[in-house]
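Asker: structure for this input, please:
(one chain, ligands or ions: 3)
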Amino acid sequence: MLTVSVAVHRGLNLDSRLCHTARRCPPAVQYIAYMNQPDIADVAIREKLGAYEDPYLSQTLAEAKAVESVTLQSGAVSVRLVLGFPCADYVAELKTALQNHLQPLLGQSRLDLTLRAQITAHAVQRTLKPLGNVKNIVAVASGKGGVGKSTTAANLALAWAAQGAKVGLLDADIYGPSQPLMMGLTGAKPLTADGKLTPLLAHGVEVMSIGFMIDQEQPMVWRGPMVTQALTQLLGETNWGELDYLVVDMPPGTGDIQLTLAQRVPVSGAVIVTTPQDIALLDARKGLKMFEKVEVRVLGVVENMSVHVCNQCGHVEHVFGSGGGARMATQYGVQLLGELPLDIRIREDADGGAPTVVSEPGSARAQAYLQMARRTAARLATLNKDYSRAFPKITVEAT
Ligand SMILES: Nc1ncnc2c1ncn2[C@@H]1O[C@H](COP(=O)(O)OP(=O)(O)OP(=O)(O)O)[C@@H](O)[C@H]1O
Ligand SMILES: [Mg+2]
Ligand SMILES: [Zn+2]
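Answerer: Numbering: from 1, shown residues only. Ligands and ions are numbered 1, 2, ... in the order given. Sure thing, here's the model as predicted:
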């Protein structure tokens, strides 16, 4: 068995160490040449592995500092990677991609791949402090109402939880809190302990909603400032567990309340949900601008109700036109995080209190959410980290 630390090999020039056989001979011979000289094989595999560009990160594994160890044994190459996003369901897909990428170096050897997620806190607006227990707050917003923001937020939270992360979901939509319904918590009331609210647990996700606090039958009489105060309180005075992500279902639109929230909530990134119609895209652009104004990074755009999938025959149709989300993403230099189908089963799952990711985990619909969640978390992983908790604040006193 041979294990060589990454540091030792970083400085080596691979080419100068390759024998002519390895460079000129056909793949099978090359492989034998490599494997007969284990240290060269190790260097070659490391270099090739490091050069693999992960499609979710849009970074190479070397750039992402993902390679923890490479071990060569007879008949097997064991690779351990650490990724900055939840990856419990990613190993099979990545393994296939790496097997292809590492040929012909791998030859007949088996690839053993182990993934570990290390989710770190990322920077928030400069004027704000991150929220105690919560590593990353991710705002899910939309320029206009009814585009599927709440459905997307619920499935995003559940997808991250399914992928192995510790997740919370805060329903901040004062106009129409729908997470109690979607998460199967209608009528539930959070308990208080030591003057703090205990979030409710649904499908493994901690949930808090402004809907738990207000009587839904009563007309909305709160005015802006009161509402934002109530929300910041709800955020700060909830006893969240140690969370990797807290998904916030924002009120739709780009008015004063939304702007104030975007300024007050310490957010690591925002996701904009839109439908493909021009009018919705126009509003989504306003949402993008709003977050830019308050220096919140937009992780990308989710196009909801992209195509209609008939639940009878499965045939697919672009009812609202195609490619709008992609064009918008290109135009504004943000990522298209996902294109989700318009499918009656998505609505039925959400209305039934168990969104698609948990009620039909094997379906293509759930896969679309899982992919979107992975892309979102990977995008966040490439952004600036929050160093405020790693180092004590240094104050210089004048004497
Ligand atoms: N991809 C989808 N396929 C089918 N139905 C969907 C899809 N996404 C959302 N819906 C349904 O559309 C309706 C609106 O969705 P949702 O409540 O998530 O939107 P919203 O943007 O949060 O709306 P609001 O502005 O009222 O908060 C819901 O009934 C939901 O179940
Ligand atoms: Mg909603
Ligand atoms: Zn049909």
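
Asker: continuing past the strand or helix carrying V301, what's the next helix or strand?
Answerer: For V301, the host element (DSSP states H and E) is strand 298-303. Helices and strands here follow DSSP H and E; after strand 298-303, the next one along the chain is strand 308-309.

Asker: quick check: next helix or strand after that next one?
Answerer: Following strand 308-309 in sequence, per DSSP H and E, is strand 316-317.

Asker: just checking, what packs against that next one?
Answerer: Applying 3 or more CB pairs under 8 Å, 6 or more residues apart in numbering; DSSP states H and E, we find strand 316-317 packed against strand 308-309. C-betas here are computed from N, CA, C, even on glycine.

Asker: and the contacts of the strand it packs on?
Answerer: Defining contact as CB atoms under 8 Å, 6 or more residues apart in numbering, one finds that strand 308-309 is touched by 315-319, 341-343, 365.

Asker: give me the residues contacting the helix or strand that contains G168.
Answerer: G168 is part of strand 167-171 when elements are defined by DSSP H and E. Contacts to strand 167-171, defined as CB under 8 Å, 6+ apart, come from residues 134, 150, 153-154, 157-158, 160-161, 177-180, 183, 199, 204-211, 234-235, 238, 240-241, 243-249.

Asker: buried subset of those, written for PyMOL?
Answerer: Of the contacts of strand 167-171, the buried ones can be selected in PyMOL as follows, counting by 16 or more other CB atoms under 10 Å:
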select buried, resi 134+150+153+154+157+158+160+161+177+178+179+180+183+199+205+206+207+208+209+210+211+234+235+238+240+243+244+245+246+247+248+249
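
Asker: and ligand 2, which of the contacts of strand 167-171 reach it?
Answerer: Applying CB under 5 Å from the ion to the contacts of strand 167-171, one finds that 150, 178 fall near ligand 2.

Asker: give me the subset of the contacts of strand 167-171 that lies in strands.
Answerer: Judged by DSSP state E, the subset of the contacts of strand 167-171 located in strands is 134, 205-209, 243-249.

Asker: just give me the least confident of the residues you listed.
Answerer: Lowest in pLDDT among the ones in strands among the contacts of strand 167-171 is S209, which has 93.

Asker: separation between the closest residue to that one other than its chain neighbours and G324?
Answerer: Once flanking residues are discounted, S209 sits nearest to D171: 3.5 Å by CB to CB, 6 or more residues apart in numbering. Distance, D171 to G324, by CB to CB, to the nearest Å: 27 Å.

Asker: now V140
Answerer: Look at V140 and G324: by CB to CB, they are 19 Å apart.

Asker: more neighbours: these two, which one.
Answerer: V140 (26 against 22; other CB atoms under 10 Å).

Asker: that one against T274, yeah?
Answerer: No - the pair V140 and T274 does not pass the contact test of CB atoms under 8 Å, sitting 11.6 Å apart.

Asker: what packs against the strand or helix carrying I346?
Answerer: Assigned by DSSP H and E, I346 belongs to helix 344-351. Judged by 3+ CB pairs under 8 Å, 6+ apart, the packing partners of helix 344-351 are helix 149-162, helix 179-182, helix 356-359.

Asker: could you dump these to JSON lines with mean pLDDT?
Answerer: What follows is the helices and strands packed on helix 344-351, written out as JSON lines (pLDDT from 0 to 100):
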{"stretch": "helix 149-162", "mean pLDDT": "98"}
{"stretch": "helix 179-182", "mean pLDDT": "96"}
{"stretch": "helix 356-359", "mean pLDDT": "98"}
